[in-house]
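Asks: this is a predicted model, with the sequence first.
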Amino acid sequence: MKKTRLAMATSLIAMAAMVLAACGSSPGGAATTTPASAGSSVSSSAPESSTGAAGESSTPSSGAAPSTGTNNDTITEAYEQEWYSYNQETANGNATANANVLNPVFQSFVNIDPTGKQVANTELGTVEKTSDSPLTVKYTFDPKAVWSDGVKIGCADFLLDWAANSGWYNTDGTINKDPHTADPTKFLFQTAATNGWDQTEQPKCSDGDQTITLVYKTPFVDWHVIGGEGMPAHVAAKQAGMTDAQLITAIQGNDVKALTPVAKFWNTGWDLSKDKGLPDAALLVSGGPYMVSAWQPGQSVTLKANPKWWGTPAKTGTIVERFIPQEQQVQALQSGEVDVIEPQPTVDVLASLKAMGNKVTTQVADDFTYEHLDLSVKNAFKNQDLREALFKCMPREQIVDNLIKPVNPKATILESLMLQPLMAGYAELAKSNGFAAYDAMDIAGAKAAYKASGVAQGQKIRVIHITPNDRRDNEVALLKASCDPVGFDIENTGLASDKFGAALSSGDYDAALFAWAGSGLFGSIPSLYLSTGAQNFSGWKGDTTLDGALNKVLVTTDQSQITGLLQTADQQMAKNMWSMPLFAFPGVTAFGTDIQGVQHTAAQTGATWNVQDWVRAGK
C-alpha cells in the first residue's frame, strides 16, 4: 500500500457489512456510512440548491477557497451505474454505485486498505479500547472535526448512528433490548445491517461532547471498525422539527414516537430523484475532503474540495464521475473524455487497454467481490425439491469457462459463500462444504427433483439482476438453456439499479443474480445469512445450526475458531440450497499515465477509495 492517508471510507456498512456491487465492473463495491449528528443545535446555513445549465442541479459551496494544497484541476472517472442515494446505510442505498461517489464525503475511524488491512484514520479522531470485560471502546473526534456547514461533529452524530443501525427501535413503538434476535422488518430505521451495533449498549455522551463511550454486551469480532461520522444528525433532527439536544434526549429516553419522524427522513429523505435533481444543499453536508456540488442526472456527478475539511487537503479541486456503460469506458479513456476507469475485465477490454501502450496504466488484481445466485423462499423456491432441481441444472462450470476464464485463465468455480479465494481459510472450506457436488450439471437428477416437487412443468422463475450487463445476460441465458428442459421457465428480469435495490430488499423475485462486495472482514458475513440478518432478503430461516455458527462468529475474538464456524455455516447453506456461489471477481483499474495516486483495491470501496490523493502530473 502506498504511504498516503487512506480513503475517507464511510464506516459500518463499508466495513462490517457487505454491499451490493455494481453491475459487474466495480471490484471494490461501496462503502456505506455510519450515521452521525452534530453535537450542536445550530441549524444548517448552507445555501439552497440552484439550477445550472442543461438541467444540472448544483449545490454551491460556501464560497471559501479549498484547503491550501488543493489545485484547480479536474479529474474525471467513469462509472457504469448512476448513484441514487446520499444515505448508503439504508437497505435501499447500500450499493457500490452510491459509495463510489461518497467515499470521500463521509469517514470512519478505521479504514480498509487495498489489501483488506485495517488502518486507523487519525484525521477523524482516535479509538481506544479501555476494557476487555465488558468490551468498552472510547471514541474521540478531532476537535477540528466539523460538517461542511460548520456544525461540529460529535455526540449527536454517533448516537444517531447507533440508533439507526442497532435495531433497537421498532415501528410499533417497542424496544429491542436484544435486537440481534429481533425481526428486522419491524425496525424503525431501515438499516442495511446491524452488524456489531446490535451487540452494544446505548452509547454514553452529552450534547456537544466529542468523546463517546461504547460498551458491548457481548464481544464483536470486528469491533475495531465500528464507528464514524455517519449521516449528519443535525440535518435529520431539523427535518424532524427538533434540535440536536432534543434528538439526543429522544434517543437516550428511548422515545420511539419522537424518533419516528427522524427515522422517516433517515430512511428516504436522502434518496435522489432524477426528476428533481439534487436535494436542498442544506441536506448534503460533508464530513470529508470532498462535497457533492452538482448532479446532471444520467450524465455525471461533481465533487468539489470541501473548504471546511480540517485534514490533509485533497490534491485535486474537482472530481467528476461520468456515468458511462461498460462497453464505452475504454473508448472514453482513449479519447481523453475520462481519466480513470474500472471496467469489467473482459478479453476485449484488456486487449484494448494493452493496445493503448504507454498512454495508459492498467492494474489487474483479484477482489473480495463475488457473484452468486440467491433463491427466495418467499416465492417459488420455498419448495426445497424445486431448489434442488435448480442447483443440479445450474451451469456453474460453463459460466466460469465461457465468461470468466477468458479474462482470468486461472479462474475456478467459487466453492464458498463465506470466504473468497484471497482470504485465509478458503481452501479448507471449499474442500468439504458441499458446493463442489454441484460443479457439474446433473440434468437427470434435476428432472427427478423437479418431479418430486409436485410443481407443474413451466414454473416461471424471475431472475433479477442489474441491467445493462452483458455478462449477466449471458449467465441467465446459460441458466435458461440448461434448466428450461428440466421444467423451469427462466425469465431474464433485468432491472435498473434504482429498481433492483428496492426489489431485492423487498424480496420481490424468485432468484437474484448479483455480487456482494466485501472488505475481508468476518463480521460482514452473518447479516447475509442469519435468519434475522438484515441483508437476508430471501427469507432464509429455521436452520438453528447455521444461526448458531454465525452468531458465534460475531462474538469470537479468537481468529483460530473462525474458519471452523464458517465451514459449518457454508455446509448448512449448501444443504438448504438457498444460495449458489458462482465466481470471484477479477478487477481492473486503468488510468492515463499522467494521473498519479490511483491504486486498485480488492476491498469494497472501489477506485475512489483514495480519490483525495489523485493528481495530474505537473499540477
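Replies: Perfect, I can see it now. Bear in mind that the values here come from a model prediction, so they are computed numbers and not experimental data. Numbering: from 1, shown residues only.
Asks: residue ranges with poor pLDDT in the stretch 501-619 of the chain?
Replies: The stretch 501-619 of the chain contains no residues with pLDDT under 70.
Asks: quick one: the helices in it?
Replies: 526-529, 544-555, 562-576 (DSSP state H, counting those that start in this stretch).
Asks: which one of these lies nearest to residue 304?
Replies: Closest of these to residue 304 is helix 526-529, at 34.2 Å (criterion: C-beta to C-beta). C-beta here means a position set from N, CA and C on the backbone, and glycine is covered the same way.
Asks: mind exporting the closest one as CSV, just the C-alpha atoms?
Replies: Output of helix 526-529 as CSV, limited to C-alpha atoms (Å, rounded to 0.1, in the frame of the first residue of the first chain):
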residue,chain,number,x,y,z
PRO,A,526,-23.6,-13.1,9.4
SER,A,527,-26.0,-10.3,8.3
LEU,A,528,-26.3,-12.0,4.9
TYR,A,529,-27.3,-15.5,6.1
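Asks: so which residues of the stretch 401-550 of the chain form strands?
Replies: 459-466, 488-495, 511-517 (DSSP state E, counting those that start in this stretch).
Asks: picking up where we left off before, so can I have TSV of the helices of the stretch 501-619 of the chain showing distance to residue 603 and mean neighbour count?
Replies: Below are the helices of the stretch 501-619 of the chain laid out as TSV (distance: least, C-beta to C-beta, whole Å; neighbours: other C-beta atoms under 10 Å):
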stretch	distance to residue 603	mean neighbour count
helix 526-529	17	27
helix 544-555	19	19
helix 562-576	18	21
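Asks: what residue ranges in this protein score low on pLDDT?
Replies: Across the chain, the ranges flagged by pLDDT under 70 are 1-68.
Asks: biggest strand in it, by residue count?
Replies: In terms of residue count, the longest strand belonging to the chain (DSSP state E) is strand 360-375.
Asks: okay, the angle between the helix or strand following that one and helix 562-576?
Replies: Next along the chain after strand 360-375, taking DSSP states H and E as the criterion, comes helix 384-393. Using axes from the mean of the first three to the mean of the last three C-alpha atoms, to 10 degrees, one finds that helix 384-393 and helix 562-576 are set 110 degrees apart in direction.
Asks: any idea how far helix 384-393 is from the chain center?
Replies: Distance of helix 384-393 from the chain centroid (C-alpha atoms, centre = their mean, to the nearest Å) equals 30 Å.
Asks: which strands or helices does the following helix or strand past it pack on?
Replies: Using DSSP H and E, the helix or strand that follows helix 384-393 towards the C-terminus is helix 396-399. Applying 3 or more C-beta pairs under 8 Å, 6 or more residues apart in numbering; DSSP states H and E, one finds that helix 396-399 contacts helix 470-483, strand 579-592.
Asks: please identify the deepest-packed of those.
Replies: strand 579-592 (a mean of 24; mean count of other C-beta atoms under 10 Å).
Asks: list the contacts of residue 289.
Replies: 8, 67, 104, 305, 306, 309, 311, 312, 313, 314, 612 (C-beta atoms under 8 Å, 6 or more residues apart in numbering).
Asks: out of these, which are buried?
Replies: 8, 67, 104, 305, 306, 309, 311, 313, 314, 612 (16 or more other C-beta atoms under 10 Å).
Asks: nearest to residue 242 among these?
Replies: residue 306 (26.3 Å).
Asks: so that closest one makes contact with residue 147?
Replies: No: if you go by C-beta atoms under 8 Å, residue 306 and residue 147 don't touch, sitting 9.3 Å apart.
Asks: still on that earlier bit, let's have the contacts of residue 289 in TSV, adding distance to residue 192 and secondary structure.
Replies: TSV is the format used below for the contacts of residue 289 (distance: C-beta to C-beta, whole Å; DSSP: H, G, I helix; E, B strand; the rest coil):
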residue	distance to residue 192	secondary structure
8	19	coil
67	32	coil
104	20	coil
305	29	strand
306	25	coil
309	26	coil
311	27	coil
312	29	coil
313	32	coil
314	28	coil
612	25	helix
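Asks: need the residues you listed in a markdown table with distance to residue 290, can you?
Replies: Output for the contacts of residue 289, formatted as a markdown table (distance: C-beta to C-beta, whole Å):
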| residue | distance to residue 290 |
| --- | --- |
| 8 | 8 |
| 67 | 11 |
| 104 | 4 |
| 305 | 6 |
| 306 | 6 |
| 309 | 8 |
| 311 | 12 |
| 312 | 13 |
| 313 | 11 |
| 314 | 6 |
| 612 | 7 |
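Asks: for those, which one is nearest residue 419?
Replies: Nearest to residue 419 among the contacts of residue 289, with distances taken as C-beta to C-beta, is residue 8, at 27.5 Å.
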